[in-house]
Every structure is written in structure tokens, then in C-alpha cells.
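> sequence unavailable; structure follows:
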């Protein structure tokens, strides 16, 4: 028996009315609530009763009143979706220097805007973006002010000198950089130039603390956000929700002087020579491909790096360096074209980071077909020459 | 051309034991190759420089092609920058090579920049290849950018260059080289210790961003981001004609912005 035993004397004592010479008991009064509240099933039923129906109907889920209350709220959110937020009198400035290759923001740059907004919105500050070419993109990304740097060509030292001048003139609270080849270089130049504390490769960021890995990724360093921070990729979510004005501002920069760099020349990646781990676009052959000459010609015509599955590498048809997968190379490519590959789990591990996958395979139920953004159930041996012919025809015309 | 290679006390990335930093051994290889190209002229040498309390496994760098290693002995937690700056200024070098970042210390990659600032030399980051420039007194640096792209820079010497992991691999270890090499120990003047202004704790890997939708996005956008990443969310063509399949693939690649011609 699990029911608690009643103590009649204690129950009677609970009804005792205090005061008076003789003990008096008010047995009609409800005892004080103890433990679980008592349910009133009849009252619940009255609440659940749906009015205005012929047959008696109970709505125990209580959906009808909840729906009526929710409807106006959803109408409000539709109005509030893209809202312009103007910060006219900022308490302080948080600056950021996006890479913006070719004037377009990368995913890492957008995360940088998210981090800057996090630091600025904590105390009513504004975000200032230092860019090479001003554009329409920076306001919606989260910049309140946009300042164009007077830099042309590859001259990081002149850029660092201009930033140092801005750092002193505008009293910036924080300056954020992406931890990329160019952004990280610029951040360290500015840190050495200004002598300000620098936090390299922040892996988490909040207005109170930033953290980074150190001592061979064995130790996590943590401190309040210093003036110069470089942000690791995928550490902070990009900014969304509000639009910002992206107001262009001007500043008198010192005249740049000639640096030590005599010439700079960009050399695009040669897809035939670049290693698989670095490649941007990989075309891979599997067991469904037997004509490897056509495959190599196709890779060259598409300007892609050739790869292969374990089957072809084991058979000696492709070099071991071309193997994609868990025991070969784990790709970092953006686009992957799989020809005649079914998609073993180990192979799919190798392409896990690829953003876009295109698969050509005869088996409708292959794992690679399921993974692909464009899946073609066909014989790769027949698609390859058609693709080659199409490319040659386009080149001729 | 006199070349100095900065060597730091690193730790092995897996075992955590003291070891040379791989990218600094790659820098050493670039320096040795460059010194060999200047063809037996006098005054063409490579010197390794290390500032720290003890040499430890850095003596192995002699086996990777280094002829002369200078050890600037400092106190335990002293800042190595003043000792290195003094030695570099006195050494009369034309080129200083350093790794991109250390491994096992602060790992911020800031020391080459403060040294270059102190020497008032230009600094170039992320070299994957070095060659003598066409004009005398210049150096051609192949800078590694992302995705296998390169940038060729010509810089006037003297200069400080940091090396990227995409540089050619280190020279193989040779025991005879280790025996042949010379280690010179110098006492560095006392320097103030680096004041730690950070709190340190055991490293905990943080979860990466999973859904790519932003913080303020609507629930619909978050759901779309979460489901599109998992499935390809793509089109399926069953048994198209080979020509049609080729056209579809090419149109898809063009839509992704690939230069296929």
C-alpha cells in the first residue's frame, strides 16, 4: 500500500481555530493546501466544453483559445522582418577589416560582421567597416559606417599604416580581422605597428570574453576582448535580422610612401598540379569508369583536379595520391563531380566538406546519388564522351 | 647572401613532446636551396638562431641541412624578442626566414612582425618558394594563397619572410650532417619575463556552427539551413540521354560559377 496513512488527530488539529479559552474546531473550513493541489475535474470539463455546438464536444487540448491569441502576434512578426536600424550617436566604434576578395563578402567576412555586431550591440556602439571598394553589400551585412582605405594593388604595409592612423584618429574600441592569409597578415602588421594587445585566432567571442587555442591546441586562453582580434572561421554566426545603413564616412589618411615590394603578380592555381587537399573543383572516377584516357581529357577540359576512388587506386589505374576518402585525401573542395562512384562510407567521409556534389551512376539507390545536389542515373562511360564533345563544340563556336 | 632561420622550441602535434616545428624545417630547406643557388660564392651561408633556456631537440636541425646553429641562452620565461633582435642586427643578414606560427607556445605568429618592426625591415608572409630576383639585391617570393593559388612578389633585400606549410618538405635527416654541424652558445642579456595577462585552462573543442542560418533569422530559415545541409536537396535525372546529361552537368557547373572553358 502506497497511500499515506491518515492521522485523525492531526487532521482534527488542522481545523483548530486559534484564540479563545475553549478549543474550537471549524470543520467546514478547507484545510491549508499541502503538497499536490487538488484537481477539480468538473471545472476542467467546463473549460474544455466547446460552446455553440449541437452535440456536446470537449476540446481537452485547449487549441481554440490558443490559436485566437497567436494570430495577431504572427501578423506583427511579418511587419518586423527586415527592419532598418539607424545608430546616429554611437557610444563607441567597433571596426572590422573584411578580406572581401573581388569586392564580395566571403562567408568568413559575414561571420566577422556577426562578431562585430555582437561587440557593438552590447553597449550601444556602431560597426565601422574598412573596405577597399565601397559597395551596397556592407549595410545589409551589418555595417553602420563604411570607410574606404586609400590602397591600390597588393601593399599590406600601406594598408596597415592607414589602419594605424585610423586607430589613433577614431578611437576604435576593437578592430576585428578574419584569420585568413591576408587578414591575419594585416592584423599582425597592425599589432606590431601600434603595440596594441592582439588576440590571434579567436575561437569564441562574447562581449565579456574571447578564447583561443594555444600550446599546440592543448590549452585554451581566455581574456576580456582586447583591441585587436583576429577571428577563426566558423566561430561566430553571421549577422541577420536587422539592416544597417552602411553610411560612407571619410578620413584624411597620411600619404602612402613606396614600400619594399617591387612587383606583385597573381598566379591562378593550376588544377593539374594542385594537391587534392587544396583543390577547389575535383572530378573523380570510380569503378564505373573504364576509359581513363577520356576521364583525364575530361578533367583537363573542365579545368578540374582528377581524383579517384579506392577501387581504381588499388587496381593501379590511378596514382595513390589521387585517392579520395578516409584512407586517401579528405577534400576541402567546393564542387565534386563523381563519375561511376557508388559512395562507400569511407569515400563519403572524404567528400563530407564539399559544398556541391554532382553524381553520375547507374544505380538509383547508391549513396552518392542520395548525397548529390545533381544526381544523374546514367552510365558514366557514355556521359563522359558526350560532356567532352559538348565542351569541344562550345570551344569551337 | 647571408640567411638566418629562426627556430623555436616546438612540441609535437600528437605526442606533445619537445620537437622542432615542421614549418621551420621547411623554412630551413628553402634557405639551404637558396644558398646552394648562389653557387659557392663566399658570404653565402645559412645560420639557425634559437633563443631559449635550452636547445633540446633543436640540435636535430643540424641533421636537416643546417651548418651553424646559434643558441642564445635566456632565462626560463624571458621574452626571446630582444635577444633575437640584437643578434639579428649584429649578424648582418640579408634575409631572415621564420615559420608561419610556432607550435607549442603562444602560437600567435606575432614574433616575426615585432622583429621586423624593430629592425625596420619589410616583412612578407606565407612564402611557398624563394628564388633570387633578376635585379641584384632582390628576392622573388612565391606567396601561398588559398586553394593552390600563388602570388609572385619581388622584394628588395634585406627582408624578413615567413614560410607557409605549402612550401617543399624538409630535407631528410642525415646523421653525418648532425655530426658535422656546429652549435655556438651565447649568453643573452637578461630580459623581462613575458607577463601573462590571459587565463589558461585545458582546451575544450567547441562545436562548429551547424546550421548556417544566422542568429536573428526566422524559424523557417533555420529549418531550411538545417535540412539542406543534411540532404543534397538536389535534382534527380533517371536515364537521360547522354547529351542531355552532359548539358545538365555543364549548366549546373556554370551556375556554381566554375570557369569550365
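Arrived safely. Note that the coordinates shown come from a computational prediction; the quantities given were computed from them, not determined experimentally.
> does stretch B:238-246 come close to chain A?
Yes - using CB under 8 Å from any CB of the partner chain, stretch B:238-246 reaches chain A at B:238, B:239, B:240, B:242, B:243, B:245, B:246. The way it works is simple: take the backbone N, C-alpha and C, and place the C-beta from them, glycine included.
> among the residues you listed, which lie within strands?
When DSSP state E defines the strands, the subset of those inside them is residue B:238.
> dump the residues of stretch B:238-246 next to chain A to CSV, plus distance to residue B:13, pLDDT and neighbour count.
Listed next are the residues of stretch B:238-246 next to chain A as CSV, based on distance: CB to CB, whole Å; pLDDT from 0 to 100; neighbours: other CB atoms under 10 Å in any protein chain shown:
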residue, distance to residue B:13, pLDDT, neighbour count
B:238, 47, 92, 10
B:239, 49, 93, 11
B:240, 48, 93, 15
B:242, 48, 94, 21
B:243, 50, 94, 14
B:245, 45, 95, 23
B:246, 45, 94, 24
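> contacting residues around residue A:91?
Going by CB atoms under 8 Å, 6 or more residues apart in numbering or on different chains, residue A:91 touches A:123, A:124, A:125.
> what's the distance between the spatially most central residue of chain A and residue B:3?
The centroid of chain A falls nearest to residue A:237 when counting by CA atoms, centre = their mean (4.7 Å). Here residue A:237 is placed at a distance of 45 Å from residue B:3 (CB to CB, to the nearest Å).
> can you check residue A:109 too?
Residue A:109 is 37 Å from residue B:3, by CB to CB.
> now do the end-to-end distance for stretch A:297-312.
From its first residue to its last, stretch A:297-312 covers 17 Å (CA to CA, to the nearest Å).
> do that stretch and chain B meet?
Yes - in terms of CB under 8 Å from any CB, part of stretch A:297-312 sits within range of chain B, namely A:301, A:302, A:303.
> is it true that the second one touches residue A:394?
Meaning residue A:302. No - here residue A:302 does not reach residue A:394: they are 11.8 Å apart, not a contact under CB atoms under 8 Å.
> need the contacts of residue A:91 in JSON lines with neighbour count, can you?
Below are these laid out as JSON lines (neighbours: other CB atoms under 10 Å in any protein chain shown):
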{"residue": "A:123", "neighbour count": "12"}
{"residue": "A:124", "neighbour count": "11"}
{"residue": "A:125", "neighbour count": "22"}
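> got the phi and psi for residue 138?
Went with chain A since none was named. phi -80, psi -30 (degrees, to the nearest 10).
> my question was about chain B
Residue B:138 adopts backbone torsions of phi -120, psi 160, taken as degrees, to the nearest 10.
> tell me the mean pLDDT for the longest strand seen in chain B?
Taking DSSP E as the criterion, chain B has its longest strand at strand B:123-132. Averaged across strand B:123-132, the pLDDT comes to 94.
> return the helix or strand in the chain with minimum mean pLDDT.
As the question left the chain open, I've gone with chain A. Scoring the helices and strands of chain A by mean pLDDT, DSSP states H and E places helix A:63-80 at the bottom, with a mean of 45.
> meant chain B actually
The helix or strand of chain B with the poorest confidence is helix B:219-230; it has a mean of 60 (mean pLDDT, DSSP H and E).
> stretch A:194-206 and chain B, any residue contact?
Yes - using CB under 8 Å from any CB, stretch A:194-206 comes into contact with chain B via A:197, A:198, A:200, A:201, A:203, A:204.
> same question for stretch A:355-363.
Yes - Stretch A:355-363 lies within reach of chain B by CB under 8 Å from any CB, at A:356, A:357, A:358, A:360.
> the last one should be in a helix, yeah?
Okay, so that is residue A:360. No - remark: residue A:360 does not belong to a helix; assigned using DSSP: H, G, I helix; E, B strand; the rest coil, it is strand.
> ok, now which ones touch it?
Shown in contact with residue A:360 (CB under 8 Å, 6+ apart): A:288, A:337, A:338, A:339, A:340, A:376, A:378, A:380, A:383, B:245, B:249.
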